[in-house]
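Peer 1: Here is a sequence together with a model predicted from it:
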Number of protein chains: 2
Amino acid sequence: MTLEVGALTFDVFGTVVDWRGTVIAEGDALGKKHGLEVDWDQFADRWRKEGYVDAIARINRGDGRWTRVDRMHRAKLDELLSEYGVAGLPEGEIVEFNRVWHRLRPWPDVLEGLSRLRKRFVIASLSNGDVALLVDMARSAGFAWDCVLSSEIAGTFKPNRECYLTAARLLDLSPDRVMMVAAHKNDLRGARAAGLRSALVFRPDEYGPNRTADVTPEGDFDFVADDFLDLAEKLGC
Amino acid sequence: MTLEVGALTFDVFGTVVDWRGTVIAEGDALGKKHGLEVDWDQFADRWRKEGYVDAIARINRGDGRWTRVDRMHRAKLDELLSEYGVAGLPEGEIVEFNRVWHRLRPWPDVLEGLSRLRKRFVIASLSNGDVALLVDMARSAGFAWDCVLSSEIAGTFKPNRECYLTAARLLDLSPDRVMMVAAHKNDLRGARAAGLRSALVFRPDEYGPNRTADVTPEGDFDFVADDFLDLAEKLGC
């Protein structure tokens, strides 16, 4: 089967990068600089959940149109700063903190794993983050994507079918020659529904040490791997 | 001015790669293998002009819709092979020869030039070649594009305005913060008409030693350079 797959498309937030760890670290630094009393773990979780996951779910239910992720993040950031009693931050620093999502750090296995996988497969991002954000992140973290693909190009968000089909079309591959790699089962189910192959990669720490991540494998994915090195091994790279 | 520019978008055929030299070299090899008597210089020029340039011009005049470049190339290749009296080539070799456009070789200054330019600017392809072709070419030649952009994403061809505006939108930059780099003035005029900046790079050998390329600078481009190294120098990279 792996011989027929021509390209791997990667979910990014949580699968490639540790959004939570990066946001907490930058929040801590900002807090120290300005003497803020903020629970950054909780702040990061709420920013992600309320500012991104919930916002996308609303749009996918038909409430609003495709929106640049920076805008979603900024709207929630303003709410959270106010709610946590943070006032008077210079606008430039708020803009900069909002851009933390452009410079998220990869999980430790990612750079070597991608480099091995790229020898055999075309590797492309396929994120709900927009192209410009993904380009910044790749430059900052050193991801050598052959192609930066984003739901933005389809004008909708994963797990909508059109995102996966647009990626396959741009790669000039039939959907069954593209394999989605993600830590999230709803993303992989969306990919499968569009005819793509699927590889689940466990990221047990995505939500931090205190939350039990869903690490139960299920029988309906083509591959299940512990990390990108394990995936490379399983794909013969 | 250069400080405001965030991204450089590059024309590819002729500007980044020597399509003519690569096609002639592969034609020669094919000819030797099969004992063919073909004037590959002329073959390459006609393939390019009739199979690609003219085909795109027709589509841009409203005659037909966006088409994958492989298909245009293949249609003309079949005609030319027949016209030059080449019969009986195995289908696999015809397919492979048609894919020469996926593995065109860069001009000698390109890899170092792109590497220098990339330190300061986001670098993206912006070609009438489709995404999959550009991905193959980047992998084969080693172009480290931050982003593979193609007219395909706009569903039309350069010099149509929508191609340049789609690129700027995906890079999340206003058009005047994107600079088109090309060896062809009609491409740069299209970019300027869409509000982008423009850099003309001379490629005097694009059409071979016997044809005088248009190397007259004109006053309406932001930069005029002898090659990518000269461009890097002029942009302070």
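Peer 2: Nice, thanks for sending it over.
Peer 1: Close to chain B: what parts of chain A are there?
Peer 2: Within chain A, the positions near chain B by CB under 8 Å from any CB of the partner chain are A:68, A:70, A:122, A:130-133, A:135, A:138-139, A:144, A:146-148, A:152-153, A:170-173. C-beta coordinates here come from the backbone N, C-alpha and C atoms, glycine included.
Peer 1: Mark which of these are buried, thanks.
Peer 2: Those of these that meet the buried threshold are A:68, A:70, A:122, A:130-133, A:135, A:138-139, A:146-148, A:152-153, A:170-173, by 16 or more other CB atoms under 10 Å in any protein chain shown.
Peer 1: Cross these against strands and list the overlap.
Peer 2: A:Val122, A:Cys147, A:Val148 (DSSP state E).
Peer 1: which residue sits closest to the most centrally placed residue in chain A, ignoring its sequence neighbours?
Peer 2: Centroid-nearest residue in chain A: A:Phe13, 1.9 Å away (criterion: CA atoms, centre = their mean). Of all residues beyond its chain neighbours, the one nearest A:Phe13 is A:Trp19 (5.1 Å), with distances taken as CB to CB, 6 or more residues apart in numbering or on different chains.
Peer 1: do A:Trp101 as well
Peer 2: In space, A:Trp101 is closest to A:His73, 5.8 Å off (CB to CB, 6+ apart).
Peer 1: give the contact list for the one you found.
Peer 2: Contacts for A:His73 (CB atoms under 8 Å, 6 or more residues apart in numbering or on different chains) come out as A:Trp47, A:Gly51, A:Tyr52, A:Asn98, A:Trp101.
Peer 1: Name the SS class of it, please.
Peer 2: helix (DSSP: H, G, I helix; E, B strand; the rest coil).
Peer 1: Just the CA coordinates for stretch A:17-28, please, in PDB.
Peer 2: C-alpha atoms of stretch A:17-28 as PDB (Å, rounded to 0.1, in the frame of the first residue of the first chain):
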ATOM      1  CA  VAL A  17       3.700  21.500  17.000                       C
ATOM      2  CA  ASP A  18       3.100  21.800  20.700                       C
ATOM      3  CA  TRP A  19       0.800  24.800  20.700                       C
ATOM      4  CA  ARG A  20       0.100  24.500  24.400                       C
ATOM      5  CA  GLY A  21       3.700  24.400  25.500                       C
ATOM      6  CA  THR A  22       4.600  27.300  23.300                       C
ATOM      7  CA  VAL A  23       1.700  29.500  24.300                       C
ATOM      8  CA  ILE A  24       2.300  28.900  28.000                       C
ATOM      9  CA  ALA A  25       6.100  29.700  27.600                       C
ATOM     10  CA  GLU A  26       5.400  32.900  25.800                       C
ATOM     11  CA  GLY A  27       2.600  33.800  28.300                       C
ATOM     12  CA  ASP A  28       5.000  33.200  31.200                       C
END
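Peer 1: can you give me the strands for chain A?
Peer 2: A:7-10, A:122-127, A:147-150, A:178-182, A:197-201, A:223-225.
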